[in-house]
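Chemist: Output the structure for:
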Amino acid sequence: MPEIIVEKNLSEARLAELGIASWNIWDCEVTQFRLDFDEELERSYILEGEIVVTPDGGAPVTLVPGDYITFPKGLKSVWSVTKKLKKHYTHDAA
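Modeler: Numbering: from 1, shown residues only. As a prediction, the model looks like this:
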């Protein structure tokens, strides 16, 4: 099963190196939905809010502001936005 990778407390230098400030921004009200990464992976950086991502057959992962996440290609999951979410994100075919 593909694993969600979470890094916490990235330095300003690391944020700049990744170019996160230039990534798209997505926001979402409190809701729940299915999200599968069949074609590409997603890298995200949480700006505001909270989300619980539950991979099929796996343990829930709670994501909060300051978390840098890699959602791998092939991940099948349910997203529960528990506090209005705002994040930077980018997709890669890798």
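
Chemist: Which neighbours in the sheet does the helix or strand encompassing residue 91 have, and how are they oriented?
Modeler: Per DSSP states H and E, residue 91 falls inside strand 76-92. The strands beside strand 76-92 in its sheet (DSSP bridges) come out as strand 24-28 (antiparallel), strand 31-36 (antiparallel), strand 41-55 (antiparallel).

Chemist: Alpha carbons of the second one, as PDB, please.
Modeler: Meaning strand 31-36. Taking Å, rounded to 0.1, in the frame of the first residue of the first chain, the C-alpha atoms of strand 31-36 are listed here in PDB:
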ATOM      1  CA  THR A  31     -16.600  18.100   4.100                       C
ATOM      2  CA  GLN A  32     -15.700  14.500   3.400                       C
ATOM      3  CA  PHE A  33     -14.900  13.000   0.000                       C
ATOM      4  CA  ARG A  34     -13.000  10.200  -1.800                       C
ATOM      5  CA  LEU A  35      -9.700  11.100  -3.500                       C
ATOM      6  CA  ASP A  36      -7.500   8.600  -5.400                       C
END
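
Chemist: Which one, of the strands paired with strand 76-92, ends up nearest to residue 83?
Modeler: Closest to residue 83 of the strands paired with strand 76-92, according to Cβ to Cβ: strand 41-55, at 4.2 Å. For glycine as for every other residue, the C-beta is placed from the backbone atoms N, C-alpha and C.
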